[in-house]
Each structure stands twice: as C-alpha cells, then as structure tokens.
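Novice: Below: sequence and its predicted model.
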Amino acid sequence: MTGPLANKAFRRLFAAQICSLVGVGLLTVALSLLAFRIGGTGSGGQVLGFVLALKMIAYVFLAPLAETLSAGMPRKRVLVSLDFGRMLLLIPMAFATEVWEIVALAVAFFALSAGFTPLFQAVIPDVLPDEHDYSLALSWSRIAYTLEAVLSPVIAATLLNVVSGEALFYAAALAFSGSVLALLWVSVPQGTFTSRGGSLLKRTGYGLWIHWRTPRLRGLVLLKFALSLAMAWVLVNSVVYAGARLGDADEFYPILMACYGAGAVLGAVIVPKMLRKTSDRTTMFAGTFGFAIAGAAFALAPPSSLQAPGLIWVVFGIASSLTLTPGGLVIAKSASSRDRPAVFAAQFSLSHAGWMIAYPLAGWLAGYTSLELALLILSMMCVAVTIAALFVWPADDPQELPHTHPDLPTDHPHLTTEPGTGLQHLHVHSYHIDDLHPTWSQRTN
C-alpha cells in the first residue's frame, strides 16, 4: 500500500469512519420509518422534520461545548466513549412508541455525534503529518461520505426484504460496534485533548475566536456557506425535479443522485492532483464558482431529456468535492495540534449553521417561485458569497509570517522553541492564531 493507507493507524481510523457512516445511514432510514409508523401519513413528516431540525441545532450549538468538556481527557478514551454511547442509544430506539421517546433518544445521539465527529477529524492530521498524505486521506474521506449517501438506502432496502423496520436500529448498532472495535484497535498519538484556562464561555468560544482572527478560516466559512446555498437546491429539490420535469420521481430521482454521487467521487479523486499544481484556495474557489455557473446555466436553459440533467448532476458532484475536500487541510494549516479540536469543532458548528439557512431557503424558493428560478437565485447568491470570500481570504496567504514578541522574556518557552533576534524578538515560523499570536499581522505584540 502507498499513501495514507500505508499508515496502520489511518487504515483503522478509516475503517471506523466507514462503519460509523454506514450506521448513520441506516439510522436515518430507520428513523424515517419509525416516524411514519408513529405519526402516520398525517404527522409522520412533521415528526421526522422536527427530529432533523434538532439534529442541526445540536450540531451547531453542542460541538464547541463538547470539545470544551473533553479537554484534559485522553483522546482515545473520549472517542471510544462517544462512539460506544452512540451504539448503545440505538437499541432503545427500536422500542420507541411515543414521539417524546424518539426525540429524547435522537437528541442524545446527535449530541454525542456533535462531540465525536470534529474530535475524530482533529486526530487524523496528527496521524498523517505529511501534507500530501493528508490531502489523499481527505479525498478518501469525501469518497466514503459520498458512497454512504448513495449506498445506505440500498443496504437498508435490502435488509428490509428480510427484517422489519425496527431491526434496522440493530443493524446500525452492529455497524457502530465495528467502529468502536476499530477505535479500540487503533494507536492514536499519545496525550489528551487540550485543556485551556478561562471561563467555560471563553473556552467554548476559543475555536470561533481563532476562526474570526484567521483570514483563510473566515474565507473557508464563507465558501462552505456559498456552496451550501446552491447545493441545498440539489439535495432538497432533485426529487421534485425528477417528478415534475422528468415525469417519474421513483425512476429518475435515484439516477440523478447516482450521477451526483459519481461526480462527487470523481471530484474527490481529482483534488489531490489539483493540489499538487495549485493552492487549496484556488481549488475551493473553482468548486463554488463551478457549481454556481453550472446551476445558473441549467436554470436558464433547462433541458427536457434525462441525459443533460444527468451530466449537470455529475458536474454538481465534482464541484462540491472541489470545495469540500480540501477543508480539513485548510484547518490543519491554520491551527496548532493542540488547538485543532477546538477549530474543527467550530468549523463543524459554523458549516451546519449555514445548512440551517440553506435547506429551508431552497425549499421555500422552489415552492414560492419555480424550480428553475429558485436554482438561478441560489446560484447567484452562491456567486455573491464567493466573491465576498475572495476579499476575506487573500491570494497572498503565506504559511509563515515574520512577527515580534517585545513583551516576552528571552527565556519564554515559545522563544526557546523558536528563537528570535533583537530586542523585539523578531522571528518567523508557521503562524497560527493563539494566545501568543492574537492578531493576523506581520508584527505581533
């Protein structure tokens, strides 16, 4: 094996991710069936919509808090405990008979996921310190996410031929048990998640503070929001388009989403090769602009046959991967190892806040205007936010910055590690916002 898969720790982390993704996919189908069984045709959709809304709220508000509460605890123990907790919560879900039971169990599950996912993401750069290997690992991760979205419904449908809907919760628990075993087997870098001083509010907002002070991270947030505006139309309205414009949602919706998934996989494969020739910034901007241009062109000249929409959905998939895949690389470059969990948690929270806006907006616009006009409006909004990101994230974005520390004593640990010159202690190193470097400037006091 070559690349990241040659690393034993990453192989096991990747196996844990795949098992976890399958478990989440099966859980989504199982929750949908359970909501319909309890709520019926009258309120089943409302129950599921409420549960999914709570999921987004948990992701937005609990991810930074979970990272803060895990500070000072061993990395492996935290990850295994959160994953094991998710597995255990799936068992009682199979026996839920009331709406409040679904809501309580689902909120607990999503709260643990809000803690687990960014912490898991923060460990991978330490396992793969080589930037090229890490970029390949991000591509593998994006492929896994895409294939899960396509294959989980297929797996669930296959299982439903031989088991009841409730049994999908057990199948999901079995998938999570594989994730737990893989995490128990993996060897992660020793140490604990960083414990910081200050109030709970300050510690919880530390990752958000780093985002606000780091230009490329502000740009990353804007780019992900820009993409979510246009991409939400695809995820929300593809089924409507298949039924209203192609004439048969049952037949053509899976084809459209398969085309989107194929494009996303192709895009994830392309990204590492692009990053060898150009910057992560250029790659991500190409993705958002490409998605918006494809969306606007499709909206202005909607084709009547399936072949053209299928090709456009492939382009949508490629463009989404160009923007989403390098995100972890940008975060890894923008924070020290000790601060990455906080920054990943903040990014997880901020990106889901964008989806909280984009999802309902895509549905509302399509219902209030038309499918094509909604896509055109969202594509133009995507362009506008992307242009804003161009100004926020400058093209001249060096990893290392010269700066001074006039207030630090000569024997300060930071100057011992990175010696400075002169009375101002001028030195150059990989620059991250932290307590010693609170502003993004070439002269830090």
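Specialist: Everything's here; your move. Keep in mind it's a predicted model, so treat the numbers as computed, not measured.
Novice: How about the contacts made by Val385?
Specialist: By C-beta atoms under 8 Å, 6 or more residues apart in numbering, the residues touching Val385 are Leu222, Leu223, Phe225, Ala226, Leu229, Thr288. Where C-beta positions appear, they are placed from N, C-alpha and C, glycine not excepted.
Novice: any low-confidence regions in the stretch 101-250 of the chain?
Specialist: Residues of the stretch 101-250 of the chain meeting the criterion pLDDT under 70: 190-200.
Novice: how about the helices in it?
Specialist: Counting by DSSP state H, counting those that start in this stretch, one finds helices in the stretch 101-250 of the chain at the ranges 131-160, 167-185, 200-204, 206-213, 215-244, 249-277.
Novice: that older thread, what's the closest of the contacts of Val385 to Tyr134?
Specialist: Set against Tyr134, the nearest of those by C-beta to C-beta is Leu223 (19.1 Å).
Novice: contacting residues around that closest one?
Specialist: For Leu223, the contact set (C-beta under 8 Å, 6+ apart) comprises Met284, Phe285, Gly287, Thr288, Thr323, Val385, Thr386, Ala389, Trp393.
Novice: swap in Val47?
Specialist: Residues in contact with Val47 (C-beta under 8 Å, 6+ apart) are Ala35, Ile38, Gly39, Val99, Ile102.
Novice: The first one: neighbour count?
Specialist: For Ala35, the neighbour count with other C-beta atoms under 10 Å is 24.
Novice: now Leu159: how far from Ala149?
Specialist: According to C-beta to C-beta, to the nearest Å, Leu159 and Ala149 sit 17 Å apart.
Novice: Hmm, I typed the wrong one, I wanted His425.
Specialist: His425 is 50 Å from Ala149, by C-beta to C-beta.
Novice: if you count what's nearby, which of these two comes out ahead?
Specialist: Neighbour count, other C-beta under 10 Å: between His425 and Ala149, His425 has more, with 20 against 17.
Novice: Would you agree that one is in contact with Asp407?
Specialist: No. Assessed by C-beta atoms under 8 Å, His425 is found out of contact with Asp407, at 9.1 Å.
Novice: helix or strand for His427, which one?
Specialist: When elements are assigned from DSSP states H and E, His427 belongs to strand 427-430.
Novice: Quick one: residues in contact with that strand.
Specialist: Contacts for strand 427-430 (C-beta under 8 Å, 6+ apart): 333, 399-405, 415, 418-421.
Novice: Mind giving me the PyMOL command for buried ones among those residues?
Specialist: For the buried members of these, the matching PyMOL selection, counting by 16 or more other C-beta atoms under 10 Å, is:
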select buried, resi 333+401+403+404+405+415+420
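Novice: which ones are touching Leu138?
Specialist: Val271, Thr325, Pro326, Gly327, Gly328, Leu329.
Novice: wait, I meant Lys55
Specialist: Ala106, Phe110.
Novice: And it, how far from Leu112?
Specialist: Lys55 sits 12 Å away from Leu112, taking C-beta to C-beta as the criterion.
Novice: And Thr41, what's its pLDDT?
Specialist: We note a pLDDT of 64 for Thr41 in this prediction.
Novice: please begin residue numbering at 36 from this point
Specialist: Got it, first residue is 36 now, which makes that one Thr76.
Novice: ok so, going back, could the contacts of Val82 go into JSON lines alongside distance to Thr474 and secondary structure?
Specialist: As requested, the contacts of Val82 are exported to JSON lines (distance: C-beta to C-beta, whole Å; DSSP: H, G, I helix; E, B strand; the rest coil):
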{"residue": "Ala70", "distance to Thr474": "49", "secondary structure": "helix"}
{"residue": "Ile73", "distance to Thr474": "53", "secondary structure": "helix"}
{"residue": "Gly74", "distance to Thr474": "52", "secondary structure": "helix"}
{"residue": "Val134", "distance to Thr474": "49", "secondary structure": "helix"}
{"residue": "Ile137", "distance to Thr474": "47", "secondary structure": "helix"}
